[in-house]
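Participant: how would this look folded up:
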Amino acid sequence: MLNTVLFKHNPETNKPSVFNTLSEWLTRNIKVSHLLIFLFAYTAFSKLQFFSNSQLIDLADFEKAMFKSPVLRPYVHELAYLIPLSEIVVCLLLIFNKTKKWGYFISLGLLAVFTGYITYILIVYSHHLPCVCGGVISQMSWPVHLLFNLFYMAITIRAIFLMNKKQQ
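Facilitator: So this is what the prediction gives:
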């Protein structure tokens, strides 16, 4: 089971807990690559508005949200295209076995950058800035978003470790 989320079994308990049952089901059925593809596709496409204002893609709302952040303000126009494009590229890399390893490394890089940004916001601005993420994720508080990203970073590191271990 390459690239799956694995949890250790607790030998002290004889009956399976709800957590163990859930983790075993997740291990059998959901790969880390699937979780990352869903995450990045969801956030990328929620930032893009298709066929809006007689344009194929409209990034105006995403740019307006980023402009509220003094950290991102100088780079809004570049980031408005770069972020969703990089998220879509990661999804494509994770689909194919030949490019999956690159997909994991780029995913980890993006997650590290986003996590660094969140940490900076929490330290410097005490989370009074709006989140520029897409969809439901933008409704998370900054501390919850930090934990969310750390979780995804941890499972991505584990997937890279398992992939490297299998190749050896």
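Participant: Where is the longest helix in the chain?
Facilitator: helix 142-167 (DSSP state H).
Participant: for the record, mean pLDDT for that one?
Facilitator: Averaging pLDDT along helix 142-167 gives 89.
Participant: in it, what's buried?
Facilitator: Residues of helix 142-167 classed as buried: 142, 145-146, 148-149, 152-153, 155-156, 158-160, 162-163 (neighbour count, 16 or more other C-beta atoms under 10 Å). C-beta: built from backbone N, CA, C; applies to glycine.
Participant: Could you give the separation of that helix from the chain centroid?
Facilitator: Distance, stretch centre to chain centre, for helix 142-167: 9 Å (C-alpha atoms, centre = their mean, to the nearest Å).
Participant: from what I can see residue 33 touches residue 160, true?
Facilitator: No - in this structure residue 33 lies outside contact range of residue 160 using C-beta atoms under 8 Å: 11.1 Å.
Participant: what touches both of the two?
Facilitator: Common contacts of residue 33 and residue 160 (C-beta atoms under 8 Å, 6 or more residues apart in numbering): residue 104.
Participant: domains in this structure, as residue ranges please.
Facilitator: Per the record's domain assignment (automatic domain parsing), the chain is made up of the domains 1-30, 31-167.
Participant: what ranges of the chain fall below the confidence cut-off?
Facilitator: Confidence mapping of the chain against pLDDT under 70 gives the ranges 1-16, 22-30, 49-58, 126-128, 134.
Participant: Show me the helices in it, by range?
Facilitator: All helices of the chain, identified by DSSP H, fall at 18-29, 32-47, 60-67, 76-95, 100-120, 142-167.
Participant: Buried residues, the second one. List them.
Facilitator: Going by neighbour count (16+ other C-beta under 10 Å), the buried part of helix 32-47 is 32-33, 35-37, 39-47.
Participant: check contacts around the residue nearest the centre of the chain.
Facilitator: Centrality entry for the chain: nearest residue to the mean C-alpha point is residue 39, 5.0 Å, by C-alpha atoms, centre = their mean. For residue 39, the contact set (C-beta under 8 Å, 6+ apart) comprises residue 152.
Participant: can we see that at 10 Å?
Facilitator: Applying C-beta atoms under 10 Å, 6 or more residues apart in numbering, we find residue 39 in contact with 87, 90, 91, 107, 110, 111, 137, 148, 149, 152.
Participant: hang on, isn't the third one packed against residue 103?
Facilitator: Think residue 91. Yes - here residue 91 reaches residue 103: they are 7.9 Å apart, a contact under C-beta atoms under 10 Å.
Participant: Common neighbours of those two, please.
Facilitator: When contacts are counted by C-beta under 10 Å, 6+ apart, residue 91 and residue 103 have 33, 36, 37, 40 as shared neighbours.
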